[in-house]
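Trainee: Sequence and predicted model, in that order:
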Amino acid sequence: MAPIDLREHNPDDGIDIRPGTNKAAIIKLLYRETNLAYTPSEIRDALDLPRGTISTTLSRLHDDGLIGKTSDGLYHGFDHRDDVRRFARSLVQLDEMFTRYPNSGLGPDDVEQTGTGAKTEITRDTEAEHDTSGSEPAPADWVTGTDTDTDSGTADEDQ
């Protein structure tokens, strides 16, 4: 791989790594704290990846300029790559979302596509669907309690 000409390099270019891949897992680990560096075996153990997979993936990420490597073979994230740091942060947020909503029907393929281009249509929960106008519900509608269910469907206990 040839060096990158900084006169033509745009760090705001999109990162072409799919969530849920080994590359994404490594980026997420190394950009958690860019002051820390890891040996390939530490990365392999932390991510539970096969030995051959880790060395190949680390080499590709390093060749692409997404991670750094010290002269003694330690891999790390870059302080100056805010674009990769933002990408890593989005991976953490995705993990949190999938942990919080495990049965959402979404997968890594849906992350890069939204709207009509998404491969999986997101269905709305009909119980939570009170207003289809797209406007935000009134603050009184944000919290519901078990005592608000009456025959008329209102929460007016004071009348």
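Mentor: Here it is on my side, so go on. Owing to the predicted nature of the structure, the values given are computational and were not obtained by experimental measurement. Numbers count the residues shown, from 1 in each chain.
Trainee: Might you report the residue contacts of residue 25?
Mentor: When the contact criterion is CB atoms under 8 Å, 6 or more residues apart in numbering, the partners of residue 25 are 47, 49. Any C-beta I mention is one placed from the backbone N, CA and C, and that applies to glycine too.
Trainee: How much space separates it from residue 38?
Mentor: With the distance defined as CB to CB, to the nearest Å, residue 25 ends up 12 Å from residue 38.
Trainee: Isn't residue 55 up against residue 40?
Mentor: Yes - under the criterion of CB atoms under 8 Å, residue 55 makes contact with residue 40 at 5.9 Å.
Trainee: show me the contacts for the nearest residue to residue 32 once chain neighbours are set aside.
Mentor: Using CB to CB, 6 or more residues apart in numbering and skipping residues adjacent in sequence, the residue nearest residue 32 is residue 88, 7.2 Å away. Listed by CB under 8 Å, 6+ apart, the contact partners of residue 88 are 27-28, 30-32, 77.
Trainee: can we see that at 7 Å?
Mentor: Residues counted as contacts of residue 88 (CB atoms under 7 Å, 6 or more residues apart in numbering) are 27-28, 31.
Trainee: can you give me the helices for this protein?
Mentor: Along the chain, counting by DSSP state H, helices occupy 22-30, 40-47, 51-63, 82-100, 108-111, 139-142.
Trainee: Just the CA trace of the longest one, in PDB.
Mentor: Think helix 82-100. Only the C-alpha atoms of helix 82-100 are listed here, as PDB (Å, rounded to 0.1, in the frame of the first residue of the first chain):
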ATOM      1  CA  ASP A  82     -12.200  11.800  15.000                       C
ATOM      2  CA  ASP A  83     -14.100  10.100  12.100                       C
ATOM      3  CA  VAL A  84     -13.100   6.600  13.300                       C
ATOM      4  CA  ARG A  85     -13.700   7.600  16.900                       C
ATOM      5  CA  ARG A  86     -17.300   8.700  16.000                       C
ATOM      6  CA  PHE A  87     -17.800   5.400  14.100                       C
ATOM      7  CA  ALA A  88     -16.600   3.400  17.100                       C
ATOM      8  CA  ARG A  89     -18.900   5.400  19.400                       C
ATOM      9  CA  SER A  90     -21.800   4.600  17.000                       C
ATOM     10  CA  LEU A  91     -20.900   0.900  17.200                       C
ATOM     11  CA  VAL A  92     -21.200   1.100  21.000                       C
ATOM     12  CA  GLN A  93     -24.600   2.800  20.700                       C
ATOM     13  CA  LEU A  94     -25.800   0.100  18.300                       C
ATOM     14  CA  ASP A  95     -24.700  -2.600  20.800                       C
ATOM     15  CA  GLU A  96     -26.700  -0.800  23.500                       C
ATOM     16  CA  MET A  97     -29.700  -0.500  21.300                       C
ATOM     17  CA  PHE A  98     -29.700  -4.200  20.300                       C
ATOM     18  CA  THR A  99     -29.200  -5.100  24.000                       C
ATOM     19  CA  ARG A 100     -32.100  -2.900  25.000                       C
END
